[in-house]
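**Student:** What shape does this take:
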Amino acid sequence: MIDNKSPNYIFKISIIAGNNVGKKTLARYFTDKFDAGISMTQGIQLITLNIMVSGNFVRNSLWIYSNEEQYRKLFPYYINGSNGMILMYDITNVESLNYLSEICRLIKMYIKGDIPILLAGNKIDLRGDRRIMMEYIEKFKEIHNISISAEISLKTGENVEKTFRDISRMMIKHFNQT
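**Tutor:** Take a look at the predicted model:
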């Protein structure tokens, strides 16, 4: 629990994932585990996540994008002003990673300059059903110039908090270099 003092950093993180990857589970995870505010607007779920990273109080505004057809026209507005992104896929569903290829193309069209992007594979609690091999993930990262990835389980909580600390660290570093 973090008190209400002023944060050292305030960041916007856009979280993008295809269908059935875990967007709703992510929202429930944070509202159940942390002092997180949550609200819903058209096509976007907003969560405020306060965390400590390397001695810094970081307030992250998580924007979880709905990829439903009626909201696709809002995508450029949704990602505008992002300080970082998490692209999330399901390790048991190849199409969930293929969907992110198109998202990477759109990000390059609408985001000027570089921002930290973390590729997160969800559902590692289903390792026995894995359909996306690590070699494919490494190739994806190389093609789309993504430097860091993580594998998480929103069901068990494995690596979730670490992943958000990692993206926060990346944004702090990027912020201090610009």
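
**Student:** What are the boundaries of the helices in the protein?
**Tutor:** Secondary structure of the chain by DSSP state H: the helices cover 23-33, 75-79, 94-110, 134-143, 160-177.

**Student:** which residue is nearest the middle of the chain?
**Tutor:** The centroid of the chain falls nearest to Ile86 when counting by C-alpha atoms, centre = their mean (2.4 Å).

**Student:** Surely it touches Thr163?
**Tutor:** Yes: assessed by C-beta atoms under 8 Å, Ile86 is found in contact with Thr163 at 7.4 Å. (Glycine included, C-beta is placed from N, CA and C.)

**Student:** What's the separation between Thr163 and Tyr65?
**Tutor:** 17 Å (C-beta to C-beta, to the nearest Å).

**Student:** Oh, that last question was meant for Ser54, not what I typed.
**Tutor:** Counting by C-beta to C-beta - Ser54 and Tyr65 are separated by 28 Å.

**Student:** who's more crowded, those two?
**Tutor:** Tyr65 (21 against 11; other C-beta atoms under 10 Å).

**Student:** Can you name the residues that contact the more buried one?
**Tutor:** Ser14, Ile15, Ile16, Ala17, Lys23, Gly43, Ile44, Tyr71, Phe75, Tyr78, Ile79 (C-beta atoms under 8 Å, 6 or more residues apart in numbering).

**Student:** How about Leu154?
**Tutor:** Gly22, Thr25, Leu26, Tyr29, Asn122, Lys123, Val160.

**Student:** Quick check: it vs Thr178, distance?
**Tutor:** Distance from Leu154 to Thr178, by C-beta to C-beta: 31 Å.

**Student:** same check, this time on Met133
**Tutor:** Taken as C-beta to C-beta, the span from Met133 to Thr178 is 35 Å.

**Student:** Let me know how buried Asn83 is, in neighbour terms.
**Tutor:** Asn83 has 21 nearby residues by other C-beta under 10 Å.

**Student:** Is it in contact with Ile13, as I believe?
**Tutor:** Yes: if you go by C-beta under 8 Å, Asn83 and Ile13 touch, sitting 6.8 Å apart.

**Student:** which residues sit in contact with the closest residue to Tyr99 other than its chain neighbours?
**Tutor:** The shortest distance from Tyr99 to any non-neighbouring residue, by C-beta to C-beta, 6 or more residues apart in numbering, is to Gly18 (3.9 Å). Going by C-beta under 8 Å, 6+ apart, Gly18 touches Asn67, Tyr89, Asp90, Asn93, Glu95, Ser96, Tyr99, Leu100.
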